[in-house]
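S.K.: Quick one, structure for this:
(chains A and B)
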Amino acid sequence: MTGMPATDTAVQPPSPSRRSSLHEKRGDLLFAALLSSLLFAYAGFILAVILADVSWLSRPAEVGKPRAITAVLATPDLFDQVKAAFLLSFATSFITSILAMGVAIPSAYALSRYRLPFKAAIDTIIDLPIVIPPLLAGISLLIFFNQSSLGLAVEEWWRRNLGDGDLGIVYSRVGIIVAQFFIASAFCIRAVKAAIDQVNPRFEAVARSLGCGPVRAFWKVTLPLARTGLVAGWIMTWTRAMGEFAPIMVLAGARFDTAVLPVTAFLNLSGGDLEVSVAITVLMILLATGTLLLFKRLGGKGYIW
Amino acid sequence: MVSLRVEGLCVRLGEFDLRDITLAIAASEYFCILGPTGAGKSVLIECIAGLQRPDRGRVFLGDADITDVPPERRGVGYVPQDYALFPNMTVRQNIAFGLRVRRTPPEVIAKRVASLVGLFHIEHLLERQPLHLSGGEKQRVALSRALAVEPKVLLLDEPLAAVDEQTRDRLCAELHDIQRATGVTVIHISHNFDETLAVADRIGIMHAGQMVQVGTPDEIFSAPQSRFVAEFTRAENVIPLAAPPQPVAGARLRLSLSTQDSLLAAVPARGASGWSHAIVRPEAFRLYPQADGPAETPDGALTATVTRITERGHLLHFQTQTDSGLTLTALKLRSEARAAGLKVGDRVCLLVSPDDVHLL
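M.R.: A predicted model of the protein is given here:
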């Protein structure tokens, strides 16, 4: 039609020849295969290591002896040792995870929502327990409660008021919880913060405009919306606490009544009793795998290592 | 219903700066805040809602100073851009939320919810989860939820940004009707000029943290007070004057736009001087082929060559250039343009009534 503008002819990119595209495809495939084969190899390595535990446990340690797993299950002394360690681990890490959540929910909320002074510094400080080597965290805790005036005061107060008069935090079961808490809380804050970050602050803004005070808006809107993430974080914290070894060993000692699962595994390993060590190893791998699956199922985010 | 007043409001948020906003909105007024992204519109209504603390300035609701009142006690409803419907509640629970927070008796809640869903025609959505609603449905639910607690002022942050164009026209009409029916004072944020024209009693235009012009849609449309407003409201032809305007007979001014081009403008009622620009909206120009026009080009008409024609639905947008290099744009009905057989390269006349020439 006259008077209508002519449409600009779009410049077509030169169409690649069939041969070069085939060539490129083969190159891409090769590259992808190379990268993923390393990935598969590493995953295979992890599985092989775990399977070695399982297969070792299911055959006799020496010719003419019962299978290792049977040895542990059938020997009351060994079985009780594992059972006691499991119960102690389970109970202490449960308490730790509750305490950590109690600290993590408010802390993570503050980190997520408020413009705080020294926010960057605080953010870095709460990550320190994650990056400090665990053994050194244990040594630091021991120095704090045994050598610093503040730590000694806490230790003294605890022994008088809450301990059994003889023991305070150091070398007691309370020490297990303190050591677990020191490290697990850092993980917990990360996981809870990830859950809270996912809740759009506008939900709270609307709740406020509809008549909720800040506490109520948090309780009725943010918390329910972050629920699955919080549960995921809690379970992961619990498992992390259960797997803690070095700081517990240093702060709570390697005594019969403070020997949690990893400590029991270590004590048996150094005593040459491989059966108990490997049985505990397999038990803890199963627990960790179950937790990890649950965590992913719940859509958990944040640090899990 | 209550009026709302903002006095000397300043907020500094990192790079962003809301500067000295003063605004008075009448009771039951439908007020639109218009501006590009980053102009500070959202920050301003967050200050009114109490979600953002201003560094300086006061906010008054009626005679009461509400600057330090927490959001839950302001009586200001807030509908954010993404509606923020609580995803873990049904539509019914969403609408009833504010009433339940106030411990309203269940039978009163039921009655109130029923009347609101009737008003918005969303009875069939009551038991649905918000996640699966369309943009328009979400918007109606969000409005019902905000109106349920009978706010004195209702703040709408880009309420129509997430709906398609056809729905937008219908929702504009609906918003306007509901505001009239409830009498609530509405502040509606938008970056779309057409949308605000459709609903607003008055429009405030924001740019870079400042309120640059407040007026009725007609005032904004026909008398922009700055280059920014003119361009943002698509006045398009913002032409610098080559020389000071010369008064001529019949209360007219002759505006020389270049050595060869000149226009006639009516003397503005508010007789200022020091004008630097002439503003002509593209639809104000009458464009016709030069040969077809009055035998001699009338006084104040401009002659130009068509350089580009762009489709705009039932209108065609013409870009033209005068012999002295001035670019002018005009709109013409598609049917008229077709009848005249206009095409790129044609010589055309552009004629504008002196009353439609605005001076800046």
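S.K.: Please count neighbours and contacts with C-alpha atoms only from this point.
M.R.: Noted.
S.K.: And B:I239, how far from B:A284?
M.R.: 14 Å (Cα to Cα, to the nearest Å).
S.K.: again, but for A:K65
M.R.: 103 Å.
S.K.: for B:F120, same thing?
M.R.: 39 Å.
S.K.: SS state for the residue of chain B found nearest chain A?
M.R.: The minimum distance from chain B to chain A, using Cα to the nearest Cα, falls at B:K343 (3.4 Å). Under DSSP: H, G, I helix; E, B strand; the rest coil, B:K343 falls in the coil class.
S.K.: and B:P151, what does it touch?
M.R.: Applying Cα atoms under 8 Å, 6 or more residues apart in numbering or on different chains, we find B:P151 in contact with B:75-77, B:184.
S.K.: Would you agree it falls within a strand?
M.R.: No: assessed with three-state DSSP, B:P151 is coil; it does not lie in a strand.
S.K.: hang on, isn't B:K41 packed against B:I33?
M.R.: Yes: counting by Cα atoms under 8 Å, B:K41 touches B:I33, with 6.7 Å between them.
S.K.: and for those two, which residues touch both?
M.R.: With contacts defined as Cα under 8 Å, 6+ apart, the residues shared by B:K41 and B:I33 are B:189, B:206.
S.K.: Buried residues, the lengthiest helix in chain A. List them.
M.R.: In chain A, taking DSSP state H as the definition, the longest helix is helix A:18-57. Under the neighbour-count criterion of 16 or more other Cα atoms under 10 Å in any protein chain shown, helix A:18-57 has A:53-54, A:56-57 buried.
S.K.: repeat for stretch A:190-199
M.R.: A:190-197, A:199.
S.K.: Chain B: which of the residues you listed is nearest?
M.R.: Chain B has its nearest neighbour among the buried residues of stretch A:190-199 in A:V199, at 10.4 Å by Cα to the nearest Cα.
S.K.: With distance to chain B and pLDDT added, can I get the buried residues of helix A:18-57 in CSV?
M.R.: Shown next, in CSV, are the buried residues of helix A:18-57 (distance: Cα to the nearest Cα, whole Å; pLDDT from 0 to 100):
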residue, distance to chain B, pLDDT
A:D53, 45, 91
A:V54, 44, 90
A:W56, 49, 88
A:L57, 47, 87
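S.K.: distance between stretch A:138-145 and the chain's centre?
M.R.: In terms of Cα atoms, centre = their mean, to the nearest Å, the centre of stretch A:138-145 is set 22 Å apart from its chain centre.
S.K.: circling back to that earlier point, for the buried residues of stretch A:190-199, which one is nearest A:F40?
M.R.: A:F40 lies nearest to A:A191 out of those, by Cα to Cα, at 27.9 Å.
S.K.: Wait, that closest one touches A:L230, no?
M.R.: Yes: at 7.4 Å, A:A191 counts as touching A:L230 under the criterion of Cα under 8 Å.
S.K.: Up against chain B, what does the stretch 201-305 of chain A have?
M.R.: Residues of the stretch 201-305 of chain A found near chain B (Cα under 8 Å from any Cα of the partner chain) are A:202-203, A:205-213, A:221, A:224-225.
S.K.: Now, these that are in helices?
M.R.: A:202-203, A:205-209, A:224-225.
S.K.: What values do phi and psi take at the residue of the stretch 151-300 of chain A found nearest chain B?
M.R.: Relative to chain B, the nearest point of the stretch 151-300 of chain A is A:G211 (4.1 Å; Cα to the nearest Cα). The phi/psi pair for A:G211 (degrees, to the nearest 10) reads phi 110, psi 0.
S.K.: roughly how far apart are it and B:T22?
M.R.: 27 Å.
S.K.: State whether B:I309 is indeed within a helix.
M.R.: No: with three-state DSSP as the criterion, B:I309 is located in strand rather than a helix.
S.K.: What is the burial count for it?
M.R.: Neighbours of B:I309 under the rule other Cα atoms under 10 Å in any protein chain shown: 21.
S.K.: The residue nearest to it when sequence neighbours are not counted - how many residues pack around it?
M.R.: The shortest distance from B:I309 to any non-neighbouring residue, by Cα to Cα, 6 or more residues apart in numbering or on different chains, is to B:F318 (4.8 Å). Residues within reach of B:F318, counting by other Cα under 10 Å, total 24.
S.K.: which one of A:G211 and B:T22 has more residues nearby?
M.R.: A:G211 (25 against 16).
S.K.: Can you read off the pLDDT for the closest residue in space to the more buried one that isn't next to it in sequence?
M.R.: Closest residue to A:G211 apart from its sequence neighbours, by Cα to Cα, 6+ apart: B:E72 at 4.1 Å. The score at B:E72 is 91. That number is its pLDDT.
S.K.: mind checking how far B:E72 is from B:Q93?
M.R.: Taken as Cα to Cα, the span from B:E72 to B:Q93 is 19 Å.
S.K.: Among those two, which residue is more densely surrounded?
M.R.: A count of neighbours by other Cα under 10 Å puts B:E72 above the other of B:E72 and B:Q93, at 23 against 19.
S.K.: can you give me the helices for chain B?
M.R.: B:41-49, B:91-101, B:106-120, B:135-148, B:165-182, B:193-199, B:217-222, B:227-232, B:334-340.
S.K.: To clarify, my last question referred to the stretch 201-305 of chain A.
M.R.: With DSSP state H, counting those that start in this stretch applied, the stretch 201-305 of chain A shows helices at A:201-209, A:214-217, A:223-243, A:246-251, A:261-270, A:274-297, listed in chain order.
S.K.: Show me what the closest residue in space to B:E283 that isn't next to it in sequence is bridged to.
M.R.: Residue nearest to B:E283 in three dimensions, not counting chain neighbours: B:L331, with 5.0 Å by Cα to Cα, 6+ apart. Taking DSSP bridges as the rule, B:L331 bridges to B:H317.
S.K.: Give me the neighbour count for B:L331.
M.R.: Around B:L331 there are 21 other residues, counting by other Cα under 10 Å.
S.K.: picking that back up, what's the first helix or strand after the longest helix of chain A?
M.R.: For helix A:18-57, the following helix or strand on the C-terminal side (DSSP states H and E) is helix A:68-74.
S.K.: tell me how far the next helix or strand after that following helix is from the chain's mean position?
M.R.: For helix A:68-74, the following helix or strand on the C-terminal side (DSSP H and E) is helix A:76-113. Remark: helix A:76-113 is offset 11 Å from the chain centroid, using Cα atoms, centre = their mean.
S.K.: cool, and stretch B:219-232?
M.R.: Taking Cα atoms, centre = their mean, the mean C-alpha location of stretch B:219-232 is offset from the chain mean by 11 Å.
S.K.: what is the mean pLDDT for it?
M.R.: Here the average pLDDT along stretch B:219-232 is 88.
S.K.: Also stretch A:123-136?
M.R.: 92.
S.K.: List the buried residues of it.
M.R.: A:126-127, A:129-130, A:134-135.
S.K.: List the ones among these that fall in helices.
M.R.: Checked against DSSP H, the buried residues of stretch A:123-136 include these in helices: A:129-130, A:134-135.
S.K.: tell me the contacts of residue 150?
M.R.: Since you didn't name a chain, this refers to chain A. Shown in contact with A:L150 (Cα under 8 Å, 6+ apart): A:F144.
S.K.: hm, I was asking about chain B
M.R.: So B:E150 contacts B:G75 (Cα under 8 Å, 6+ apart).
S.K.: re earlier: please say which of A:K65 and B:A284 ends up with more neighbours.
M.R.: Per other Cα under 10 Å, whichever of A:K65 and B:A284 has more neighbours is B:A284, with 19 against 11.
S.K.: ok, the more buried one touching B:V352?
M.R.: Yes: the pair B:A284 and B:V352 passes the contact test of Cα under 8 Å, sitting 6.0 Å apart.
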